[in-house]
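Trainee: Would you be able to build a 3D model of this:
(one chain, ligands or ions: 1)
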Amino acid sequence: MRSHVLSCFWLFALGFACLLTQRPPSYARIDVDTAHLGAPISPRMFGVFFEDINFAADGGLYPELVKNRSFEFSQPLTGWHEIFHMSAAAGRDMPKGEMDMRTDAPLNTSNTHYLHVRVYEPGYGFFNTGYRGMGVKRGAEYLLSAYLRSEGPKTLRATITDPSGAVVGRGTLQGFGGGAWKRYETVIKADATAAKAHLNLYFDEKGEADLDMISLFPVDTWRQRPNGLRKDLVQLLYDLHPGFVRFPGGCIVEGRQLATRYRWKTTVGDVSERKTLVNRWNDEFDYRPAPDYFQSFGLGFYEYFQLAEDIGARPLPVLNCGMACQFNSNETAGTEELNEYIQDALDLIEFANGPATSPWGGLRARMGHPAPFHMEMLGVGNEQWGPRYIERYRTFAAALKAKHPEIQLVASVGLGTDGDTFRAMWQAWRQLRPDIVDEHYYMGPEWFLANSGRYDRYDRSGPKVYVGEFAAQTAGIGMPNNRNNWRAAISEAAFMTGLERNGDVVQFASYAALMANADAWQWTPDAIWFDSLRSYGTPSYYVQRVFANNAGTRIVPVTPVAENGLYTAATLDESTHELILKVVNVTSAARTAEIRLADTKISGTAKVTILESADPNAENSFDRPDAVSPVSSAAEVHSGSMAVRLGASSVNVYRIPMP
Ligand code: AHR
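Mentor: This next block holds a predicted model:
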């Protein structure tokens, strides 16, 4: 499937080059038929899709600074290093003690490994370097915590050091004793900024101790929540005003094998009881191996629901339907095994929406959220296809709809834009009628331009469409040299005019992938890049932001829709009583345009948002995060007419007050 996508990719390349170099007419007229409103559309159409790929969760959106805090990676000492000192007796550098992994009398049954240390000399220590960079900021506070069991040492001394070894923060955990596991914590304030800091831990008393869940966590999280999310990254999501949040993936839902599939129940409750699991993106790509990629599930289903609520979005969880990734093991649970998967889905609905008196609703309440999360949709499987999937979807749907007819079910057509499999899946879905069908497009920019009219031709009586994953690939799907440039972003904008214009069919759309750690990524392109301290949105992020912030509630007819390199869509926002017109000029020539509104009584000042760059290769970066970003201005409308300039290669949004 992916090689098919790759070959299609080059077919469009020539067309795109022609489009950018052709000389379009310098004047355009755009007619908006404000007198004939079209179908209602969802103002929640544009949302986000979060997957833990590119180290987006641990060390990213979930800002734990310690890698492998629970010693549950398959190499349990991953991320931890002993501190060596010159030993006069040995004549070489030696640690002042010894460490090993133990499993007897563990912290709990899902966290079975822990660190055992023997301190031979005061000053025995070890350190952690975080997720490819432990970032601390001057003046910020960090909560150091650990579970300890010790009948010897009574204190654990901590320092945070910068790469030169200079100490930028200090703290002590103390008062151990009694021989039982107990959690200790202290706050460390950093007095300097360091992007690649170390957390060093020292025992200054001889003896033995056990340690687990060693955590260093920023105090200043989104909404100041303990175990909360990284503020700058949530802010970028908040600023999108996404209509929904799809989580937790993606292929990660499926797992490379069923044994390593995502199980939501292991991601809720106390963080020390969440069971660490290998991340399926650890060795998917030979060119970016990441053997240290695991999932702590500190960011679990409760946190995902809370994130959606915080940013005003609807939650759209996706669950495994008894199938591992069809690009990997293609393992399938037997039909007799499906009950467990279906029960997980039923229990999830109870966790999200059930009363606090119910078992799963009770857990949600104990975790701090007695009110329901108002889950209305559920994805059954991720990117699945074929008869085995159809059979499993049918079983799921029968059980779920019998108990929860109010939950809209999302089914997949797999990966691909057309072809036999795609058509066969749609044929099945027209009969089985899931509420929404999920399509994924990882294609070249030319494909997105050529397909802005794709949904003009879709059946209006079938299931609704969710364009669940899409992103223009400048080099090809899964290629490490894809660029997050303006050429890709503007082609996505042109395509999105077609989604909006067909909002009676296309209910939702989300760009993928959402986030990438610049020091640890596997997949490009991505909407948001971050490192241990900084973050920025790509041009594609800003396209999503401009569209999501300017979604309407009714389609308004507009002509032309895709002509001479101009792509248009118009909606009415009935809550603000504004006409919202989007015009994307993908050509390299600036144009003057006259916008004619059918209602000549419309006059006033329009709010204008423009996203543009004359350079198709323009990108944002840590140093220039706003190189391509929206600029606001105003324009006058007189008697239903507005004269505008459409910059070369620009996305233009006009919010025009209606009388
Ligand atoms: O977005 C990256 C991956 O692409 C998703 O996990 C999967 O659904 C698709 O193949």
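Trainee: Report the separation between the residue nearest to D573 when sequence neighbours are not counted and the ligand.
Mentor: The spatially closest residue to D573, leaving aside those adjacent along the chain, is G552, at 4.5 Å (C-beta to C-beta, 6 or more residues apart in numbering). Every C-beta, even on glycine, is put in place using the N, C-alpha and C of the backbone. Counting by C-beta to the nearest ligand atom, to the nearest Å, the gap from G552 to the ligand is 28 Å.
Trainee: what's the neighbour count on G552?
Mentor: By other C-beta atoms under 10 Å, 27 other residues sit near G552.
Trainee: what residues are up against the residue of the stretch 551-659 of the chain found nearest the ligand?
Mentor: Across the stretch 551-659 of the chain, no residue is closer to the ligand than E619, which sits at 19.5 Å (C-beta to the nearest ligand atom). Taking C-beta atoms under 8 Å, 6 or more residues apart in numbering, we find E619 in contact with 483-486, 538-539, 627-628.
Trainee: which parts of the lengthiest strand in the chain are buried?
Mentor: When the chain is parsed with DSSP state E, its longest strand is strand 207-218. Using 16 or more other C-beta atoms under 10 Å as the test for burial, strand 207-218 gives 208-218.
Trainee: Kindly report the same for stretch 315-334.
Mentor: Neighbour counts using 16+ other C-beta under 10 Å place 315-326, 329, 331-333 of stretch 315-334 among the buried residues.
Trainee: for stretch 427-438, same thing?
Mentor: 428-429, 434-438.
Trainee: Walk me through the domains of the chain.
Mentor: Using automatic domain parsing, the domain parsing of the chain gives 2-39+556-657, 80-218.
Trainee: helices or strands up against whichever helix or strand comes after the longest strand of the chain?
Mentor: Per DSSP states H and E, the first helix or strand lying C-terminal to strand 207-218 is helix 231-240. With contacts taken as 3 or more C-beta pairs under 8 Å, 6 or more residues apart in numbering; DSSP states H and E, helix 231-240 sits against strand 46-49, helix 301-310, strand 528-530, strand 535-537, helix 539-548.
Trainee: now do 10 Å
Mentor: On a contact count with 3 or more C-beta pairs under 10 Å, 6 or more residues apart in numbering; DSSP states H and E, helix 231-240 meets strand 46-49, helix 301-310, strand 515-517, strand 528-530, strand 535-537, helix 539-548.
Trainee: Now render the ones you listed as CSV, adding mean neighbour count, mean pLDDT and distance to S491.
Mentor: Shown next, in CSV, are the helices and strands packed on helix 231-240 (neighbours: other C-beta atoms under 10 Å; pLDDT from 0 to 100; distance: least, C-beta to C-beta, whole Å):
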stretch, mean neighbour count, mean pLDDT, distance to S491
strand 46-49, 27, 98, 16
helix 301-310, 22, 98, 28
strand 515-517, 25, 98, 20
strand 528-530, 26, 98, 19
strand 535-537, 22, 99, 17
helix 539-548, 26, 98, 9
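Trainee: Make TSV out of the ones you listed and add distance to A411.
Mentor: Below are the helices and strands packed on helix 231-240 laid out as TSV (distance: least, C-beta to C-beta, whole Å):
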stretch	distance to A411
strand 46-49	16
helix 301-310	21
strand 515-517	26
strand 528-530	28
strand 535-537	31
helix 539-548	24
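Trainee: Would you convert those into TSV that also reports distance to the ligand?
Mentor: Below are the helices and strands packed on helix 231-240 laid out as TSV (distance: least, C-beta to the nearest ligand atom, whole Å):
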stretch	distance to the ligand
strand 46-49	8
helix 301-310	16
strand 515-517	11
strand 528-530	13
strand 535-537	17
helix 539-548	13
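Trainee: Looking at these, which is nearest to E406?
Mentor: Closest to E406 of the helices and strands packed on helix 231-240 is helix 301-310 (C-beta to C-beta; 16.9 Å).
Trainee: on that earlier part again, quick check, nearest of the buried residues of stretch 315-334 to R261?
Mentor: After measuring these against R261 - C-beta to C-beta - the closest member comes out as N320, at 4.6 Å.
Trainee: how many neighbours does the spatially closest residue to that closest one that is not a sequence neighbour have?
Mentor: Leaving out its chain neighbours, the residue that sits closest to N320 by C-beta to C-beta, 6+ apart is R261, at 4.6 Å. Residue neighbour count, defined by other C-beta under 10 Å, stands at 23 for R261.
Trainee: for D52, what are its contacts?
Mentor: Contacts of D52 were listed using C-beta atoms under 10 Å, 6 or more residues apart in numbering, and they are 58, 60-62, 247-250, 252, 262, 279-281, 293-297, 299, 515.
Trainee: Of the buried residues of stretch 427-438, which belong to helices?
Mentor: Using DSSP state H, the members of the buried residues of stretch 427-438 that fall within helices are 428-429.
Trainee: Any chance of CSV for the buried residues of stretch 427-438, columns distance to the ligand?
Mentor: Shown next, in CSV, are the buried residues of stretch 427-438 (distance: C-beta to the nearest ligand atom, whole Å):
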residue, distance to the ligand
A428, 20
W429, 18
P434, 17
D435, 20
I436, 16
V437, 15
D438, 9
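Trainee: Arrange the buried residues of stretch 427-438 in JSON lines, one row each, with distance to T417 and pLDDT as further columns.
Mentor: Formatted as JSON lines, the buried residues of stretch 427-438 follow (distance: C-beta to C-beta, whole Å; pLDDT from 0 to 100):
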{"residue": "A428", "distance to T417": "18", "pLDDT": "98"}
{"residue": "W429", "distance to T417": "16", "pLDDT": "98"}
{"residue": "P434", "distance to T417": "19", "pLDDT": "98"}
{"residue": "D435", "distance to T417": "22", "pLDDT": "98"}
{"residue": "I436", "distance to T417": "18", "pLDDT": "98"}
{"residue": "V437", "distance to T417": "13", "pLDDT": "98"}
{"residue": "D438", "distance to T417": "13", "pLDDT": "98"}
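Trainee: who does the residue nearest to F244 when sequence neighbours are not counted bridge with?
Mentor: Distances taken as C-beta to C-beta, 6+ apart put G47 closest to F244, at 3.6 Å, once the chain neighbours are dropped. Counting by DSSP bridges, G47 is bridged to S510.
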